[in-house]
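[1] quick one: sequence and predicted model below, then my questions.
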Amino acid sequence: MNEKILMIETSTECCSVALSEGAQIVAARVNETPRQHASQLAPYIQEVLQEGGMSAADLDAVAVSEGPGSYTGLRVGVSTAKGLCFGAGKPLLGIDTLRILAAQAEGDFDQVVAMIDARRMEVYAAPFDRFGNKLGETKALILNADSFLQALETGTVLFLGTGVEKFQAICPHPNARFRTCFPLATAMLQPAREALQKKEFKDVAYFEPFYLKDFVAGISRKSVL
């Protein structure tokens with residue numbers, strides 16, 4: 001299939017947009033400067049469509065990162081995606097932000113923990129296998145040195161995302177690997193194509209981001225995932 005998908009990622013400080021045709025990214029824009037989503041998102045969308053020789057009418061779907069992540073960033077991205085879908089009559093796809101991060105994993109490891117920074121020692125996190133399949137639910141966690149201990153005792157774990165540095169500072173386990181990065185629109189390609197093929201469309205009128213605001217009060221010394 002040569003489906004055309006516009007992909008929008010605004011769940012962190014980074015704002016990114018990508019346009020795909022089939023299995024190829026044909027245009028992309030990224031800005032890692034904080035608080036630029038509202039001013040940069042619309043121009044980036046226009047630029048990637050022009051670069052790809054398309055208009056909104058040519059799209060098969062619009063995909064947006066659905067969270068968890070920044071309240072303001074998610075609101076900007078989702079409202080823009082909904083406006084495009086409503087105006088052009090296109091279906092809306094919501095893609096798990098942590099799955100987008102897991103799709104960016106590279107290297108030799110047994111498991112991936114995608115991790116979005118929240119505040120203080122708190123993160124949003126979820127485990128995935130090396131093929132990007134989710135192994136457990138997304139949780140809001142307060143990190144300590146023994147977080148993810150069960151996974152670390154059974155194999156190499158890659159911690160990936162914007163919340164990695166705070167965990168790296170307190171996790172001495174030899175099986176831990178760390179990579180700090182933003183979720184990017186280009187990494188939405190495979191999950192967005194799968195969602196489109198399965199017709200997993202969101203209701204344009206009622207779809208809301210997944211904020212996951214509630215944090216646990218504390219974490220036991222046992223494994224949390």
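    Received it, and whenever you're ready, just let me know what you need. Numbering: from 1, shown residues only.
[2] pull the CA atoms of the lowest-mean-pLDDT helix or strand in the chain into CSV?
    Taking all helices and strands of the chain together, the one with the lowest average confidence (mean pLDDT, DSSP states H and E) is strand 139-142, at a mean of 93. These are the backbone C-alpha positions of strand 139-142, laid out as CSV (Å, rounded to 0.1, in the frame of the first residue of the first chain):
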residue,chain,number,x,y,z
LYS,A,139,2.5,3.7,34.6
ALA,A,140,3.3,6.9,36.4
LEU,A,141,6.3,6.1,38.7
ILE,A,142,8.5,7.7,41.3
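[3] list the contacts for the closest residue to residue 172 other than its chain neighbours?
    Here the nearest residue to residue 172 in space, its sequence neighbours aside, is residue 145; by C-beta to C-beta, 6 or more residues apart in numbering that works out to 7.4 Å. Glycine gets a C-beta too; all of them are placed from N, C-alpha and C. Listed by C-beta atoms under 8 Å, 6 or more residues apart in numbering, the contact partners of residue 145 are 170, 171, 172.
[4] what stretches of this structure score poorly on pLDDT?
    Applying pLDDT under 70 to the chain flags the ranges 1, 213-225.
[5] and the helices in it?
    Chain-ordered helices for the chain, with DSSP state H as the definition, fall at 37-51, 71-88, 97-102, 149-154, 164-168, 189-197.
[6] quick check: the residue most central in space within the chain vs residue 208, distance?
    For the chain, the residue whose C-alpha lies nearest the mean C-alpha position (C-alpha atoms, centre = their mean) is residue 97; its distance is 2.3 Å. Residue 97 sits at a distance of 14 Å from residue 208 (criterion: C-beta to C-beta, to the nearest Å).
[7] so which of the helices of the chain is nearest residue 129?
    Proximity to residue 129, assessed across those by C-beta to C-beta, is greatest for helix 97-102 (8.9 Å).
[8] for that closest one, name the packing helices and strands.
    The elements that helix 97-102 packs onto, with contact taken as 3 or more C-beta pairs under 8 Å, 6 or more residues apart in numbering; DSSP states H and E, are strand 111-117, strand 122-129, strand 157-161.
[9] report the inter-axis angle for the last one versus strand 122-129.
    Regarding strand 157-161 and strand 122-129, their directions subtend 130 degrees when assessed with axes from the mean of the first three to the mean of the last three C-alpha atoms, to 10 degrees.
[10] picking up where we left off before, mean neighbour count and distance to residue 26 added to the helices and strands packed on helix 97-102, as CSV?
    Rendered in CSV, the data for those read as follows (neighbours: other C-beta atoms under 10 Å; distance: least, C-beta to C-beta, whole Å):
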stretch, mean neighbour count, distance to residue 26
strand 111-117, 27, 26
strand 122-129, 22, 27
strand 157-161, 26, 26
